[in-house]
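# Next one to model:
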Amino acid sequence: TLGAPKAGLSAELDALAAYVSSLTTVPASPYKNADGSLTSSAQAGRALFNANGCASCHSGLAFTDSASGALHDIGTLTIASGQRLGEMLTGIDTPTLKGVWATAPYLHDGSAPTLKAAIQAHAALSFSEDEYTQLVGFMNQIDENTAPAPPTAPMISITNPDSDISLTQGDPYLITANVIAENTTVSRVEFYNYEFLINTFTNAPYTLQGSTSNIAPGIYSVSAKAYDDQGALIASSEAVEITVIASNNQPPTVSITTPASDTTLIQGDPYLITATANNSDGTITKVELYNYDVLISTLTEAPYSIQGATDDIAPGQYSITATAYDDQGGVFTSDPVVITIEAP
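Now for the predicted structure:
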């Protein structure tokens with residue numbers, strides 16, 4: 001980081017640090033009314049901003065929760081996003097929205113040329129064209145004189161699945177809880193099946209995932225509870241009903257045959273990743289390749305392979321797995337293969 005630890009290393013770095021340190025205020029938005037108030041469209045956008053929980057990340061006077069150290073993935077992180085502390089990125093620091101009208105392009109990789117595109121990149125959000133116009137209008141008018149969104153009471157909800165579902169024994173499951181707790185430190189989130197505790201998480205993302213292969217057929221009522229740093233219960237979710245149906249299906253098998261585990265490549269080398277999948281009582285419908293829990297590719301026909309060059313892949317360690325799906329809902333995940341990419 002810039003600042004005292006780097007002071008004196010070079011005149012250019014010192015000048016850059018001085019410039020960054022001077023960026024303490026944002027000029028008045030040119031999109032506001034002449035008297036400095038929000039336009040009527042921006043006021044409607046602010047209502048949408050508050051109603052959709054945008055302030056859970058873009059919060060406070062600075063319109064960011066960056067000071068809390070929270071990291072978020074809005075659905076834009078990929079294998080090419082790089083690493084942090086030698087591991088895959090789990091999230092990105094929330095940018096301030098102050099003066100955002102003047103800071104295009106947007107997102108951590110600059111892939112969103114407009115504010116509308118940046119909003120659309122949020123996988124959990126969807127709006128009509130009029131609503132996008134109103135939201136962009138509000139964001140274009142956020143400056144030093146824009147009051148933050150009012151605090152809301154803590155709440156927790158099951159966001160995946162977002163309604164009752166049925167799974168066939170052997171299907172994968174993914175259960176995710178989302179917590180909105182402004183000015184409150186969340187110490188843990190607990191998942192329950194009826195009144196029975198399933199698992200406890202102390203850090204986001206609050207996600208349960210796995211296979212239903214070893215889960216008995218039946219009806220499961222899954223809910224979540226959030227607790228603050230004093231151990232007090234602050235929010236409970238509505239339950240989602242998950243029905244697991246018995247299956248006689250033999251799940252598929254899959255393994256990564258190329259490369260061998262603990263392979264080392266030099267950045268710029270070509271890579272080839274091949275998985276072999278079989279199913280004794282049906283057909284393979286697809287094979288998914290993952291780096292840790294980040295989907296790399298979905299393949300629907302053999303050979304289940306991807307290849308390319310490592311030029312744009314950051315040096316580091318990658319853990320590759322393959323998940324095979326059959327035509328009767330069976331799922332199986334391979335053992336991981338570790339690939340290390342080193343700088344030339």
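# Going by C-alpha atoms from here, please, whenever you check contacts or count neighbours.
Will do.
# tell me the phi and psi of residue 138?
Main-chain dihedrals, residue 138, degrees, to the nearest 10: phi -70, psi -50.
# quick one: the most centrally placed residue in the chain and residue 204, what's the gap?
Centroid-nearest residue in the chain: residue 73, 2.7 Å away (criterion: CA atoms, centre = their mean). Here residue 73 is placed at a distance of 10 Å from residue 204 (CA to CA, to the nearest Å).
# cool, residue 239 as well?
The gap separating residue 239 from residue 204 is 20 Å, by CA to CA.
# just residue 12 next, same as before
Taking CA to CA, one finds residue 12 at 38 Å from residue 204.
# Tell me who's in contact with the residue nearest to the centre of the chain.
Counting by CA atoms under 8 Å, 6 or more residues apart in numbering, residue 73 touches 90-92.
# could you redo the last one with a cut-off of 6 Å?
Residues near residue 73 by CA atoms under 6 Å, 6 or more residues apart in numbering: residue 91.
# What of residue 53?
Counting by CA under 6 Å, 6+ apart, residue 53 has no contacts.
# wait, doesn't residue 279 sit right on residue 252?
Yes. Judged on CA atoms under 6 Å, residue 279 makes contact with residue 252 at a distance of 4.4 Å.
# Looking at these two, which one has more neighbours?
Comparing residue 279 with residue 252 by other CA atoms under 10 Å, the one with more neighbours is residue 252, at 24 against 18.
# For residue 213, give me its contacts.
Shown in contact with residue 213 (CA under 6 Å, 6+ apart): 169-170.
# That one belongs to a helix, doesn't it?
Yes. Assigned with DSSP: H, G, I helix; E, B strand; the rest coil, residue 213 falls within a helix.
# Among residue 12 and residue 204, which residue is more densely surrounded?
It is residue 204, of residue 12 and residue 204, that has more neighbours when counted by other CA under 10 Å, with 18 against 10.
# quick one: residue 29 from residue 306, how far?
In terms of CA to CA, residue 29 sits 47 Å off from residue 306.
# Give me the more crowded residue out of those two.
Neighbours per residue, other CA under 10 Å: of residue 29 and residue 306, the larger number sits with residue 29, 22 against 15.
# Next one: that one relative to residue 139, how far apart?
Distance from residue 29 to residue 139, counting by CA to CA: 10 Å.
# Same question for residue 293.
Residue 293 sits 32 Å away from residue 139, going by CA to CA.
# Neighbour count for those two, which is higher?
More neighbours surround residue 139 than the other of residue 293 and residue 139, with 21 against 13 (other CA under 10 Å).
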